[in-house]
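Enquirer: Quick check, what structure comes out for this input:
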Amino acid sequence: MADHLLLFFHIGFAIFTLGPLTAATMSTPRYIRKRNVVVVRYLHRVTQIYGVGTLGIFLFGLLLAQGDLAEVWLSASMTLFIVALVLLLIVERDQRKAAHLLEVAAAESAGVEAQAAAAGKPAATEGEDGKDGKDREDGGDGAAEEKRPAAADGDIAQVERGRMAAISGVVALIWLVILLLMVWNG
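Expert: All right, here's what the predicted structure looks like:
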């Protein structure tokens, strides 16, 4: 009876933590690209909460094993789980850094717009003139573009975004391998 209860909690934690955790880590790069700092902060928080929740999977799995740790598939599953947790720590760090970089870029952009307003120049917003939002000195033919801050021209948190996308995919594959090991040998 106790084994059934442990198995119930083990599977329950797996279902209700791994799904949201994987969705949050895999969708973060999209919102970094869109420069939506509010959503990136939210996904970072979701990653933190559900990342800690995944420890319940490990705990109940360890209690279910009850000394059968000599079995190769159990040792492999636990090792893969620990590797996935370490990779999630890297994703969490990159989410935090990307959110900070987005906030800095937004502050710089607001400062540039305030300076333009103080100088009497209208600040262009994206889509205002049907173009990409860049001010034009020459009436729109592109010959004399105004300089914009580097954060607006370049991709913000490009390294973090790429690393998160790659690591999130690897972590999802690790979860699938662990699932296969559990189903095959359980």
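
Enquirer: Next secondary structure element downstream of the lowest-mean-pLDDT helix or strand in the chain?
Expert: The weakest-scoring helix or strand in the chain, judged by mean pLDDT, DSSP states H and E, is helix 150-153 (a mean of 46). Under the assignment DSSP states H and E, the closest C-terminal helix or strand after helix 150-153 is helix 158-185.

Enquirer: which secondary structure elements does that following helix contact?
Expert: In this structure, helix 158-185 makes packing contacts with helix 2-33, helix 72-118, judged by 3 or more C-beta pairs under 8 Å, 6 or more residues apart in numbering; DSSP states H and E. Heads up, the C-betas are built off the backbone N, CA and C, glycines and all.

Enquirer: now those helices as a markdown table including mean neighbour count and distance to residue 165?
Expert: As requested, those are exported to a markdown table (neighbours: other C-beta atoms under 10 Å; distance: least, C-beta to C-beta, whole Å):
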| stretch | mean neighbour count | distance to residue 165 |
| --- | --- | --- |
| helix 2-33 | 17 | 5 |
| helix 72-118 | 16 | 10 |
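
Enquirer: Could you point out which of the ones you listed sits nearest residue 51?
Expert: Nearest to residue 51 among the helices and strands packed on helix 158-185 is helix 72-118; the distance by C-beta to C-beta comes to 5.2 Å.

Enquirer: what does stretch 62-76 contact?
Expert: Counting by C-beta atoms under 8 Å, 6 or more residues apart in numbering, stretch 62-76 makes contact with 3, 6-7, 10, 78, 181, 184-185, all of which sit outside it.

Enquirer: same thing but at 10 Å, please
Expert: When contacts are taken as C-beta atoms under 10 Å, 6 or more residues apart in numbering, the neighbours of stretch 62-76 outside the stretch itself are 2-3, 5-7, 9-10, 61, 77-78, 81, 177-178, 180-182, 184-186.
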